[in-house]
Structure formats: C-alpha cells, structure tokens
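A.B. asks: predicted structure and sequence below. I'll ask about it afterward.
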Amino acid sequence: MKSWKHYLGLTVVSSALLLGACGGNVEEDTAEDGATEEQAAESDTASESADQSSEAAVEGEVSGDGSSTVAPIMEALVEEYSATGTDVQVTVGVSGTGGGFEKFIAGETDFSNASREIKDEEKQKLEEAGIDYTEFLLAYDGLTVVVNPENDWATELTVEDLKKIWVEDGTTKKWSDINPEWPDEEIVFYSPGTDSGTYDYFNEVILEEEDMVQNATLSEDDNVLVQGVQGDKNAIGFFGYSYYVANQDTIQAVAIDGVEPTNETIESGDYSPLSRPLYTYVSNEALQNDAATYDFFEFALDNAGAMAEAVGYVSLPQEVTDEQKAKLEEFKK
Amino acid sequence: MRITEQQPGVSKRYIDPDSVTKRMDGRKVINTVFRSLFFMATLVALLVLGILFYRILSQGLGFLSAEFFQNFASRIPEKAGIKAALVGSLWLMAVVAPVSMFLGIGTAIYLEEYAKKNRINDLIRMNISNLAGVPSVVFGLLGLTIFVRALALGNSILAAGFTMSLLILPVIIVAAQEAIRAVPQDVREASYGMGATKWQTIVRVVLPSAIPGILTGSILALSRAVGETAPLIVIGVPVIIHFLPTGVTDTFTALPMQIYDWAKRPQADFQQVASAGIIVLMAFLLFMNSIAVLIRNKFQKRY
C-alpha cells in the first residue's frame, strides 16, 4: 500500500521536475541565443532605442494561415521579424489556400496567405461575415510544368497543348494523341491537391474550369510530384517554381509558348500565363485597430522581396512593391 | 517402435516404422515451410524498421546538434531548430496526461466497480471499445467544432490537449478496465470482510495492484498522442511560430507538425532536417515506452 503512494508521489515529483526542467531550458535558451547571435542582440538594442524615441513598444499577437506555397516566405519573414526583438508574436499555419480562407472567414485569423486570387464565393462569405480585407502581393511564382529529363519530345508546349494534355475527355491519353510524332505511350499525370491554390490557378488559366484528367495523381506534398516525374519517362506534372529550382538536375521544365520559366521571365511577366502573384489577404479591422498587425505587415512588405528570393521565388518589381506599401499606408494612424 | 524392438518374437507389427517415418517426414516438411514462412514475415517487418532507422539516422544525425534544440524553425536548413515544437509537445503532454488519465481511470473504475451489469452499461462498454477504432481525423473535427469554435478556445494548447485526450481516452479506459478486472475478487472480498467500504477497497486494495497495468496502458496511449498529426492539422495548429508558449491558452506547435512541414519543403537539406526531427520524436517515444516497460517489469505479478 505504501509503495503505491510512494510511487504516485514519485510520478508527481518527476513530472513536476520534467516540466520545471523544461521551463529552465527555455530561459537558458533565450539567454544563450542573445549571447551567441550578436546580430539579434544588436537589432535588439536598435529596436529598443527606436522604441524609446517613438511611443510605447508594439506588442500583441498576429495569426495567419493559408497557402503552403507562400509558407516559406512567411517563415523567413517571421524569422527575421522576431530577430528584430519585437514583442509581437506571429503565428502562421499551413492549411492550404482554401483551408486558410475557411479560417479567415470564420474570423480565426488576421491574415490569409493565398497562391491564387480570392474566389467570388470566398468574397461573398467574407462579406456575409462582415470581414473587410485588403489584398497584398508578396512575390511572383512561376507555376512550372515539368517532364522527365529523358522526355525529348515535349520540351516546348503551347497553352493549347497543355489544355489538350490535362483536360478530361473520357479517353486514356497517349503522347501520340497530342502530336502524332510523339511516342505511342500513356501519359502519367501528377498534380497538386485540390485544396491548393496551385491546382486552382492551373484549373483556371489552362483548363478554363473544365475537369482535369481523372487518373492524375494528386498530392498535397509537392515532393511526391517531383519524385513521380523523376521516376517515369512519360510523366508530366506542375508545381511551384521553387520545387523546380531545387530539383533542376533531375527534372526538366517545359517552355510554355516558347518561354522558359526563369527569374527574369517570371518577373517581367513574359512567362505567361503561368507566372502568378502570391498574395496575402489581411483583415482591415486588424490593420486599423491592432498596432501589432500593422507593424508586422510594414516589416513584411519591406522585406518580402529579399525573403522571396532567398526561398526560391521571384521578387516583385519596385513599382509593384511601392503600390503595396501605399495600400498599407492608408491604414496608418 | 520400442515395443516392436522389445518383442522380437511378435511378427506382426502394430506400428509400421516405415509408414510412420514417411508420414512424419511430410509433416516435418510442412512444419519447416511454415516456420520459415513466418520467420520471413517477422523479418520483413524488422527489415523495414532497420531500413527506416538507417535512413533516418544517416540523414538526420548531421543536423542533430545542440543548436537544433535551441533554435526556432528557419529558412536556412543549418539554422533550423526544433525548440518551439519540442516545448510545444511537452506542454501538450502536460494537458493531455492529467486530463486523459483522470477521465480514463475514473470511467474504468465506475464501469468495473460501480456499474451494474445491465444493457445500458453493456452498451456503454461496447461503444468505448468501438471509439478506440475511430480515425484520428474525426476526433480532430470534433475538437474543431467543440473546443476551438463552440468553447472559443482557439488553436490553444488547451483545445489541442482536450482533443488529444478524447482521442486516447478509449485506449486508456480499456487498459484500465483490464487492469482492474485482473485484481482477484478474493482480495476485494477480504477487504469487505475487514469492514472496509467500497471506496476504501477501491483506493487501498484495487487501485494499488491495478496501477502498474493502468500506467503502462496510459503511457502507451500518451505516446500515441505525441505522434498524432491529423487532429492538430484539423484544429489549425500553426507551424511557423517563433516564440514559446507561456500558458495553456497560448498557441503552439508540435513535433509531428514541424516534421511534416519540413518534409514538404523543396530543398533536399530540409528533408535531412526533417529526419533530425524524426530522431527527436522517436527518442521521445522510446523514452516514454521504456518507462512503460519499466513499470510493467517492476510491478508485475503481485498476486
């Protein structure tokens, strides 16, 4: 009888110790971080002095969710933003463009990242929920169509070819159906999942809202698509530019209407129609009434270009960046 | 055979050694075939586990350093760390463990010690066993509807902790029921005979001998909660987070969420960071499971 009470006591004490130790670690960690990362320390003091000169330090919580395509840019922005020593706590989820808007409409987030423009039905729901929002562009992405490196026939496609390849018409597609000179072999399809903005964007500009081939392999994880195309000579797939850049040696980008996706062609818009902006939609209410949200987006718009380039996207031209900043300025008090 | 040898005078053999050997050979072959078949089946599982371990360790060890535990997630793979996720998972456990164990053990005590044998209680017992088989995504949706939205807890540690508690509750209840049922009836009766009340019997006789089984089951269930991703995704737990929670109402992220996010990245280096994260998660799970094994070995066979 004693032993079990003894045992219970031991469990309680040890769990308390475990949690206590965890708390201790945390403090140590932050102290070490401050000591080792001189940069962080410097920016700490810099922001402190800035705070002293202006009004009280901004603090609060900002939460967002949305596109997995935009997520790497957001991660970089949050990382740099928190390195400035700010008291604002930013959290960003990665539920996909559609999933992000659902949370935005439910009023659970302050901003929603999207790899396509907001849909009419989403606009309508936001209106019903009484949520006003502002659209900001963060960067450009070139939606890249890729084939296996051994594929030496379909290295250049027109938009019409693409539609012919990807649209569902009830038949089993072979490369020779698109062009008689191409091999008489079945095409294998890889596409991002239906909750992604990438899928929606492709659906809109290439398929013009017609159905995509039924036997396409859909995956929310773009690396699955990359591996699929790497492993099959007859495969074709599409995904964000950064996944192509990271795997350039093992997959081949298809030139669309004669233009290959590169940083230059994406920024200039020559890589059309698959060059697309990446968006974030911010609640006006949060921008107006919450200094933390405004502060984060002021930082985000200033640094979006550099961070986008760092994670494999293409920065906006200067005049577009200025337009975004002007949009934000309107909310300044 | 021995009989025939001992009685050489008997010409007619009751058992013909040749036919026996023949038939035995056949059965021995079948025995060998099935033994090797089942051995192969065991080997497949072990082999896959071995390959997994090898891959994860060879990819992830390079990224496993002190900084990995001290840094937040980063766009630069070398600077990426698991601090937020590890601390988040510990916080999650701090909510899940007491909530699920109190509810689970309480339910088990009621069902085994107090509840009468009737149809309603049988129905409850059956449904609890069925609940254990419900996919975790469904519990995620339940959590989203009740805790996140209806109770307005948001994507806090509390909301996620309650959801995870619900998820593992059936497992804990069933394990605790088994443990309580394993306590011999004689001991209870002896306790009553000494004039103890039901409550005294439960606290001083039944629980002490059932507690090893209960704890083992609970810890195994808790390790399932550590590894679950689906309910967290449904609840909307964020991945990009550069601060640590200071209380149960704060937002957080957890180990499997962080690993999933890294594994989805285009850069090959992030796949290795994901492997490092998996090593941390596996160490966490092995640690918890070894505690369960330890408890079982130490307190087994009290009666």
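C.D. replies: Nice, thanks for sending it over. Numbers count the residues shown, from 1 in each chain, chains lettered A, B, ... in the order given.
A.B. asks: could you pull out the strands for the chain?
C.D. replies: Picking chain A for this. Secondary structure of chain A (DSSP state E): strands located at A:59-66, A:87-92, A:111-114, A:133-142, A:144-147, A:156-157, A:188-192, A:217-219, A:235-239, A:252-253, A:255-256, A:275-283.
A.B. asks: chain B, not that one
C.D. replies: Taking DSSP E to define them, one finds strands in chain B at B:240-241.
A.B. asks: can you tell me which residues contact the most centrally placed residue in it?
C.D. replies: Averaging the C-alpha coordinates of chain B gives a centre point, and the residue nearest to it by C-alpha atoms, centre = their mean is residue B:220 (3.4 Å). By C-beta atoms under 8 Å, 6 or more residues apart in numbering or on different chains, the contact set of residue B:220 is B:171, B:175, B:289, B:292. Quick note: C-beta positions are derived from backbone N, CA and C, even for glycine.
A.B. asks: can I have the buried ones of these as a ChimeraX selection?
C.D. replies: In ChimeraX, selecting the buried portion of those, with burial taken from 16 or more other C-beta atoms under 10 Å in any protein chain shown, looks like this:
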select /B:171,175,292
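A.B. asks: which residues are in contact with stretch B:115-127?
C.D. replies: Residues from elsewhere that reach stretch B:115-127 (C-beta under 8 Å, 6+ apart): B:111, B:177.
A.B. asks: pull it out as CSV, backbone CA atoms only.
C.D. replies: Taking C-alpha atoms only, stretch B:115-127 is exported to CSV below (Å, rounded to 0.1, in the frame of the first residue of the first chain):
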residue,chain,number,x,y,z
ALA,B,115,-21.8,0.0,-12.7
LYS,B,116,-24.4,-2.8,-12.6
LYS,B,117,-24.5,-5.4,-15.2
ASN,B,118,-27.3,-4.3,-17.4
ARG,B,119,-28.0,-3.5,-21.0
ILE,B,120,-27.2,0.2,-20.8
ASN,B,121,-23.8,-0.4,-19.2
ASP,B,122,-23.0,-3.1,-21.7
LEU,B,123,-23.9,-0.7,-24.5
ILE,B,124,-21.5,1.9,-23.0
ARG,B,125,-18.7,-0.7,-22.7
MET,B,126,-19.2,-1.8,-26.3
ASN,B,127,-19.2,1.8,-27.6
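A.B. asks: in a markdown table: the contacts of residue B:220, plus distance to residue A:149.
C.D. replies: Converted to a markdown table, the contacts of residue B:220 look like this (distance: C-beta to C-beta, whole Å):
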| residue | distance to residue A:149 |
| --- | --- |
| B:171 | 49 |
| B:175 | 53 |
| B:289 | 45 |
| B:292 | 50 |
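A.B. asks: what's the closest of the contacts of residue B:220 to chain A?
C.D. replies: When the contacts of residue B:220 are ranked by distance to chain A (C-beta to the nearest C-beta), residue B:292 comes first, at 12.6 Å.
A.B. asks: so which residues of the chain form helices?
C.D. replies: In the absence of a named chain, chain A is used. Assigned by DSSP state H, chain A shows helices spanning A:2-36, A:38-53, A:71-83, A:96-105, A:120-128, A:159-166, A:175-178, A:197-205, A:222-230, A:241-246, A:263-268, A:284-289, A:291-310, A:318-329.
A.B. asks: not quite, go with chain B.
C.D. replies: In order along the chain, chain B carries the following helices (DSSP H): B:2-6, B:17-60, B:66-70, B:83-109, B:119-131, B:136-143, B:157-181, B:185-193, B:198-201, B:207-227, B:230-235, B:255-263, B:268-299.
A.B. asks: to residue A:225, which of the ones you listed lies closest?
C.D. replies: Taking C-beta to C-beta, helix B:255-263 is the member of the helices of chain B nearest to residue A:225, at 13.8 Å.
A.B. asks: quick one: list the elements packing against the closest one.
C.D. replies: Taking 3 or more C-beta pairs under 8 Å, 6 or more residues apart in numbering or on different chains; DSSP states H and E as the contact definition, the neighbouring helices and strands of helix B:255-263 are helix B:83-109, helix B:207-227, helix B:230-235, helix B:268-299.
A.B. asks: chain A contacts on chain B?
C.D. replies: Residues of chain B found near chain A, taking C-beta under 8 Å from any C-beta of the partner chain as the criterion, are B:69-75, B:83, B:87, B:90, B:94, B:97, B:148-149, B:154-155, B:204, B:207-208, B:211, B:215, B:233, B:236-244, B:251, B:261, B:263-268, B:271.
A.B. asks: buried only: go through those residues for me.
C.D. replies: In terms of neighbour count (16+ other C-beta under 10 Å), the buried residues within these are B:70-75, B:83, B:87, B:90, B:94, B:97, B:148, B:154-155, B:207-208, B:211, B:215, B:233, B:236-244, B:251, B:261, B:263-267, B:271.
A.B. asks: and residue 146, how many neighbours?
C.D. replies: Let's take chain A. By the other C-beta atoms under 10 Å in any protein chain shown criterion, the neighbourhood of residue A:146 contains 26 residues.
A.B. asks: if you could check chain B rather than the one you did, that'd help
C.D. replies: Counted with other C-beta under 10 Å, residues neighbouring residue B:146 total 15.
A.B. asks: could you list the low-pLDDT ranges of the chain?
C.D. replies: No chain was given, so I picked chain A. Applying pLDDT under 70 to chain A flags the ranges A:1-56.
A.B. asks: chain B is the one I meant
C.D. replies: Applying pLDDT under 70 to chain B flags residues B:1-13, B:300-303.
A.B. asks: can you do 80?
C.D. replies: Scanning chain B for pLDDT under 80 picks out the ranges B:1-16, B:19, B:299-303.
A.B. asks: who touches the residue nearest to residue B:217 when sequence neighbours are not counted in this structure?
C.D. replies: In space, not counting the residues next to it along the chain, residue B:217 is nearest to residue B:175; the distance is 2.3 Å by C-beta to C-beta, 6 or more residues apart in numbering or on different chains. Contact criterion C-beta under 8 Å, 6+ apart gives B:213, B:214, B:216, B:217, B:218, B:220, B:221 as the residues in contact with residue B:175.
A.B. asks: ok, the first one touching residue B:177?
C.D. replies: No - look at residue B:213 against residue B:177 with C-beta atoms under 8 Å: they stay out of range, at 9.7 Å.
A.B. asks: okay, residue B:143 and chain A: tell me how far apart.
C.D. replies: Distance of residue B:143 to chain A, given as C-beta to the nearest C-beta, to the nearest Å: 14 Å.
A.B. asks: so who does that residue touch?
C.D. replies: Shown here is residue B:143, whose contacts under the criterion C-beta under 8 Å, 6+ apart are B:159, B:160, B:162, B:163, B:166, B:231, B:234, B:235.
A.B. asks: which among those residues gets closest to residue B:52?
C.D. replies: Using C-beta to C-beta, residue B:231 is the member of those that lies nearest residue B:52, at 23.8 Å.
A.B. asks: residue contacts, the spatially closest residue to the closest one that is not a sequence neighbour?
C.D. replies: The spatially closest residue to residue B:231, leaving aside those adjacent along the chain, is residue B:140, at 3.4 Å (C-beta to C-beta, 6+ apart). Contacts of residue B:140 were listed using C-beta under 8 Å, 6+ apart, and they are B:163, B:230, B:231, B:232, B:233, B:234, B:235.
A.B. asks: spatially, which residue comes closest to the one residue in the stretch 51-200 of chain B that gets nearest to chain A, not counting chain neighbours?
C.D. replies: Of all residues in the stretch 51-200 of chain B, the one sitting closest to chain A is residue B:75 (4.0 Å; C-beta to the nearest C-beta). Taking C-beta to C-beta, 6+ apart, and ignoring the residues beside it in sequence, residue B:75 has residue A:76 as its nearest neighbour in space, at 4.0 Å.
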